[in-house]
Structure formats: C-alpha cells, structure tokens
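Chemist: Test case, fold it:
(chains A and B, ligands or ions: 2)
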Amino acid sequence: MTWVSAGRLDDIEQEGAIRFDHGGRTYAIYRGPDDSVYCTAGLCTHEAIHLADGLVLDFEVECPKHSGAFDYRTGEALRLPACENLKTYPAEVVDGEVRVALG
Amino acid sequence: MNGMVIIGAGESGTRAAFALREAGYCGAVTLVGAEPHLPYERPPLSKIVDDTVQMKLICAKEALEAAGITYLKGCSVSKLDPVAATVSLSHGQLLGYEKLLLTTGARPRRLACAGAERALDFRTHADAEAIFSKVAPGRRVAIIGAGLIGMELASVLRAKDVAVDVIEAAPKPLGRAVPARFADKLHARHATEGVRFHFDRSVAEIGNDSVVLSDGTILSADLVVSAIGVQPEMTLAEASGLATGNGILTDACLRTSAPNIFAAGDCAAVAQAGGGHIRFESWRNARMQAETAARNMVGAAETFAAIPWFWSDQYDLGLQVAGQPLPGHQSVRRSAAEGELEFYLDDGQLVAAAGLGIGNGLAKHIKLAEMLIAACISPEPAALADPGVNLKTLLKSARAA
Ligand SMILES: Cc1cc2nc3c(=O)[nH]c(=O)nc-3n(C[C@H](O)[C@H](O)[C@H](O)COP(=O)(O)OP(=O)(O)OC[C@H]3O[C@@H](n4cnc5c(N)ncnc54)[C@H](O)[C@@H]3O)c2cc1C
Ligand code: FES
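Modeler: Ligands and ions are numbered 1, 2, ... in the order given. Here you go, the predicted model:
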C-alpha cells in the first residue's frame, strides 16, 4: 500500500469534498463534520460524474447529476439511481496533511 | 393473472415497476413498452460525448428478471377498457389488471408547413441515430425551435463542426422554462460558438435541401430537425373516456378520473393545491411521480409534492433549475466560483433557484437551495446575495429553528 499526500486538511471545507487526481485515476477526498477524512473513487457509479462536485451533508455525498447518494465512509450506494457501491481507500491526517493509501 | 400493468416503458414506467416491488407488492407486474429496446434514458441522447449515440439503459435485463417484472417490449397497448379493467395489446392479447399506470410520456409536436414530413423528430434513440448518422463536419443542419432540446442539439452539432441555423418564432431562445438571465447567457454562448439564429420567424416550407422562412429567407440545409416541443401522449386515455386536459388529469395522489388507473411522468397533469393542473417534462419528475404513484397503487395515499428540478448541458455549461421561477418573483443574484446563481422569492419566501456554470460545479448550491425551498424559509435577500454566506449554514439554522 502506497500512501500519497493529497494536500492540506485546511483546503477541504468541513462537510466538503475535493477531487484528487493521481496516477491517471480520479478520487474524491471528504472531510466529515468531525474533521475525519475519507477517500473514495472519484466518479459516481451511475454515470461517471465527479462526486467532489456533489453536496456533502453529514457522512453522505450526493451526486451532482441525478441525486444518487453514497455513504462516503463505506462507499455504500444509498439512493437510486446509484446502485453500485464506491470503492474506498484508507485516508488519514498527519500534521494537517491529508494522506491516502491508493495501492 | 391480474396484477399491476404499466403502459409505457420510459423513465417513469420503468421506475414505477421497481418501486412497486420496493413498496412490497408481490403480485404480477407487467411493463408494456412500444419501443424495441430495453428501457433507456433520454437525456444522454442530446448530450453525445463521443461519436456514438448512447443507449444508457435504465436497468439491465437481469434486474427486470430479478424483480419479477414481465417486460413486453416492442408491444403497444391499442385499447384500454376501464370498465372491464383490461388492455388490448398489439400482439393481440387481452390483459386484465388490478391497477393500471399510464406512463405514456410525450410525443414531438409536428410542424404544419409544406414539406413538414422532411423534418426529423428528436425524442427516441431511433430519432437520435437517424440524426447523428447523417451529420458530418461541414454539413448544414437547420433546427426548428430554440427550446432546451433544440439548443442542446445545436451545442452537440457545433462541437462536431456542423453548421447550425436555429429558427424560432419567439424573439429569443429558451423562453419557456429557463430564467431570462440564463437564457440570455446561453444565447450569447451559442452565438459565440457560431450558431446562426433566426428569431420572430416561422417555417413556410421545407424543401429537399433548404428551408424557406416566413419572411422569404431561404436557408440551405442538408438536414432539418424539428424541436418545437412535445404533446402529452394521451390517445389511450382520451379514447377510454378518462379526464384529460394538457395531459391526463390526475388528483394530487396521481389517480386519474378512473379509480384504479394512475398516471405519472410527461403524460400526467397533476392537480395543484392552489387549483389547476401542472404537467412537467423532466427526468426527475418522471422518476419521482413514478415512485409516488407506485406507493399509492399499493394502498398509500401520498400527495405528490416534490419540488420540480431539471438540468440542461450545453457546451461545457451546466444549467440547473429547482422550483418554478416566475417573472413576478423577486430575484436575487449570487456569484459563485463556478458560475452564477439566482434565487427567486415570492413575498419574501424562497421558492426557486437556478444556476449556470461550468459542468456540475453549481449542483451542490442548487441542491441546498432546494432544501431551503422545502424548509419554507424567508431568508434575507442580502444573505442570499453574499457568496460569503454558506447556504449549508442557512439550512442548518433553518432546521434548528
Ligand atoms: C433528447 C432529450 C433530452 C432530454 N434531456 C433532459 C435533461 O437534460 N434533463 C431533464 O430533466 N429532462 C430531459 N429530458 C426529458 C426527460 O427525458 C423526460 O421528461 C422523461 O423521459 C419522461 O419520462 P416518461 O417515462 O414520462 O416518458 P417517456 O420517456 O416519453 O416514455 C414513455 C414511453 O411510453 C411508450 N408508449 C407510449 N404510448 C404507449 C402505448 N400505447 N403502449 C406502449 N407504450 C407506449 C413510448 O414509446 C415511450 O417509450 C430529455 C428528453 C429528450 C427527448
Ligand atoms: S451520475 Fe451520479 S446519480 Fe447519475
């Protein structure tokens, strides 16, 4: 498992998400209401739309296109039309820096 | 075996079939669709990403099977008998029903000018294939109608370097559903992209390779597409004596004038609390009405009250509108990093919001606005206008209040 730096925690809004591109792939990194961080595959499983553009409320991200929703802690698809779960990746904050394990 | 029968396998009918199962219905569910494919989504038809017309299925064959939904494709219902509770299928079969759902959608309005039969419609996958198989860089397409479908098509064709003329009877494009500010912005973008507009004019005649306008202008065109709006498909409903107006009339629970028959989606005109009936032609409306209708078919008595919402993609721009902005509303503008938002207040209460920006960047703001609309709040216009005021904070304080 390779840990890579994905920027500063301060760059992510609380209850917000950013897009993170690495190694030809795209991910979404979330900051929860309690400042915990999570990382999932960046594209909605319904129609490959960037989830970082979606609305984050509590531990849910809503896809900006058709309102499909996921629990970004587990990747679970919570609302149609999204029905396939998102892949998740370990994420942590060290000295204010967000690191994700993408291996 | 009598069970639930759904006529029309578009967005609404297909969603309803699954929603019946989600609501716990265990009897037979039959979905009848006139088109020869598995149910597919229409929005991608006018948003071509590469060179092929997408066939984005609403569900896989396996999903229909797993849910125990009998899908009769390429089969249309030719007669509905609400007294005997039966429908006649084009296959010749007679099918009884316990409850029926009409999700027959809408069909393109036809032009009435000479040569009208030369114009192609844009509603189905087959229509999209017919259009896109004939376009190539340097060819000329005349689009009649500057509504959402016509303008989306224009943007896709310009990206393919096809010359586009748009003919519109009104003085400007997107006059119906899109707030004026954003209609103007989209118009400007189309003009920059080289779309030629012909406003305040109709079509007098369509020839083999030309279009003659009402003022005598002749435009050469290799292909003519008619995008002058749709009409609710209510042939069956009318012939069987159901109440109709601008759509199949339903009460607030989506029940038609016949007790065991419901209607949802583009074909349904739903009773409003303030009087009158409203029909929407949008993707999410089709899905949400389907879900409410399905629950009511199995015994609930839910009124349909979702806030209308639609989107449109043109070039790299995404438009989203929640609620129904009306010219009489007070409008409040906010600029955002990703584009621009406008909020609409009726007597101080937030009733609608719209946004235009790059891609889906404004989606989260519109979603929050939609939640604020649902919370029936009357925010300070200054707070709405201020990009520094987080809409999420407004929502949380509205919810805490
Ligand atoms: C090109 C295009 C782009 C669009 N883009 C957007 C967009 O960006 N955003 C948005 O919000 N909305 C968009 N829409 C609108 C959206 O697709 C519709 O509102 C939605 O499809 C309506 O769903 P429906 O199920 O009510 O009707 P339909 O999708 O029209 O489905 C009705 C089905 O019923 C079938 N049928 C009719 N009569 C019978 C019969 N007697 N027997 C059997 N079958 C029958 C028809 O063949 C049809 O397949 C777009 C529409 C089009 C055409
Ligand atoms: S693309 Fe995400 S819900 Fe459709």
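Chemist: hey, let's count contacts and neighbours off CA atoms from now on
Modeler: Fine.
Chemist: what ranges do the helices span in the chain?
Modeler: No chain in the question, so chain A it is. Using DSSP state H, no helices are found in chain A.
Chemist: oops, I was thinking of chain B
Modeler: All helices of chain B, identified by DSSP H, fall at B:11-22, B:61-66, B:125-132, B:148-159, B:180-192, B:235-239, B:283-297, B:363-374, B:381-385, B:391-400.
Chemist: Nearest approach to chain A belongs to which of those?
Modeler: helix B:363-374 (4.6 Å; C-alpha to the nearest C-alpha).
Chemist: Can you confirm whether that closest one lies near ligand 1?
Modeler: No - against ligand 1, helix B:363-374 shows no contacts by C-alpha under 6 Å from any ligand atom, the least distance being 13.3 Å.
Chemist: Not counting that helix itself, show me its contacts.
Modeler: For helix B:363-374, contacts defined as C-alpha atoms under 8 Å, 6 or more residues apart in numbering or on different chains pick out A:53-55, A:64-65, B:307, B:320-323, B:350-355, B:391-392, B:394-395, B:398.
Chemist: how far away is A:Val56 from B:Ala369?
Modeler: 14 Å (C-alpha to C-alpha, to the nearest Å).
Chemist: Please list all residues in contact with B:Lys73.
Modeler: Applying C-alpha under 8 Å, 6+ apart, the residues contacting B:Lys73 are B:32-38.
Chemist: Report the beta-bridge partners for it.
Modeler: B:Gly33 (DSSP bridges).
Chemist: now swap in the one 4 residues further on and tell me
Modeler: Beta-bridge partners recorded for B:Val77 (DSSP bridges): B:Leu89.
Chemist: Just give the number of residues close to it.
Modeler: Residues near B:Val77, counting by other C-alpha atoms under 10 Å in any protein chain shown, number 21.
Chemist: can I assume it is in contact with B:Val32?
Modeler: Yes - contact criterion C-alpha atoms under 8 Å: B:Val77 and B:Val32 qualify, at 7.4 Å.
Chemist: tell me, what's touching those two both at once?
Modeler: B:Ile7.
Chemist: Which pLDDT value belongs to B:Phe343?
Modeler: According to the prediction, B:Phe343 has pLDDT 97.
Chemist: Contact partners for it?
Modeler: Counting by C-alpha under 8 Å, 6+ apart, B:Phe343 has contacts B:331-333, B:350-354, B:384.
Chemist: so how many other residues sit close to the closest residue to A:Glu62 other than its chain neighbours?
Modeler: Of all residues not flanking A:Glu62 in the chain, A:Ala69 sits nearest, at 4.3 Å (C-alpha to C-alpha, 6 or more residues apart in numbering or on different chains). Using other C-alpha under 10 Å, A:Ala69 is surrounded by 26 other residues.
Chemist: Tell me how far A:Ala69 lies from B:Phe182.
Modeler: Distance from A:Ala69 to B:Phe182, by C-alpha to C-alpha: 28 Å.
Chemist: got it, and B:Phe18?
Modeler: On the measure of C-alpha to C-alpha, B:Phe18 and B:Phe182 end up 36 Å apart.
Chemist: just B:Asp346 next, same as before
Modeler: In terms of C-alpha to C-alpha, B:Asp346 sits 19 Å off from B:Phe182.
Chemist: Compare these two and say which is more crowded by neighbours.
Modeler: Taking neighbours as other C-alpha under 10 Å, B:Asp346 and B:Phe182 compare with B:Phe182 leading, 19 against 15.
Chemist: Tell me who's in contact with the more buried one.
Modeler: B:355-356.
Chemist: what's the pLDDT at it?
Modeler: 97.
Chemist: Neighbours of B:Ala237, how many?
Modeler: What B:Ala237 shows, counting by other C-alpha under 10 Å, is a neighbour count of 25.
Chemist: do the same with A:Arg73
Modeler: 20.
Chemist: So it sits against A:Val56, correct?
Modeler: No - assessed by C-alpha under 8 Å, A:Arg73 is found out of contact with A:Val56, at 11.9 Å.
Chemist: dump the residue contacts of the residue nearest to A:Glu62.
Modeler: A:60-63, A:77-80, A:82.
Chemist: How much space separates B:Gly92 from B:Leu80?
Modeler: For B:Gly92, the distance to B:Leu80 - C-alpha to C-alpha - is 13 Å.
Chemist: Settle it for me: which of the two has more neighbours?
Modeler: In this view B:Gly92 and B:Leu80 are compared by other C-alpha under 10 Å, and B:Leu80 has more residues nearby, 21 against 10.
Chemist: from what I can see the more buried one touches B:Thr86, true?
Modeler: Yes - when contacts are counted by C-alpha under 8 Å, B:Leu80 is listed as touching B:Thr86 (6.2 Å).
Chemist: Leaving out chain neighbours, which residue sits closest to the closest residue to chain B within chain A?
Modeler: Minimum separation of chain A from chain B (C-alpha to the nearest C-alpha) falls at A:Leu55, amounting to 4.6 Å. Distance criterion C-alpha to C-alpha, 6+ apart; nearest residue to A:Leu55, sequence neighbours excluded, is B:Lys364 at 4.6 Å.
Chemist: burial count for the one you found?
Modeler: 23.
Chemist: any idea how far it lies from B:Arg158?
Modeler: From B:Lys364 to B:Arg158 the distance is 29 Å (C-alpha to C-alpha).
Chemist: One more: B:Ala67?
Modeler: From B:Ala67 over to B:Arg158 (counting by C-alpha to C-alpha), the distance is 42 Å.
Chemist: higher neighbour count, these two?
Modeler: Shown here are B:Ala67 and B:Arg158; by other C-alpha under 10 Å, B:Arg158 has more neighbours (18 against 15).
Chemist: which residues touch the more buried one?
Modeler: Contacts of B:Arg158 (C-alpha under 8 Å, 6+ apart): B:164, B:193-195.
Chemist: Out of the contacts of A:Ala69, which is nearest to B:Leu102?
Modeler: B:Leu102 lies nearest to A:Leu80 out of the contacts of A:Ala69, by C-alpha to C-alpha, at 22.1 Å.
Chemist: give the contact list for that closest one.
Modeler: Contacts of A:Leu80 by C-alpha under 8 Å, 6+ apart are A:67-69.
Chemist: Any figure for the gap between the most centrally placed residue in chain B and B:Ser312?
Modeler: By C-alpha atoms, centre = their mean, chain B has its centre lying nearest to B:Ser282, at 2.6 Å. Applying C-alpha to C-alpha, the value for B:Ser282 to B:Ser312 is 10 Å.
Chemist: and stretch A:5-19, is it in reach of chain B?
Modeler: No - interface with chain B: stretch A:5-19 contributes nothing (C-alpha under 8 Å from any C-alpha of the partner chain), its closest point being 9.4 Å away.
Chemist: Give the rounded mean pLDDT of that stretch.
Modeler: Rounded mean pLDDT across stretch A:5-19 is 94.
Chemist: Would you mind naming what in the stretch 151-300 of chain B lies close to chain A?
Modeler: B:Arg284.
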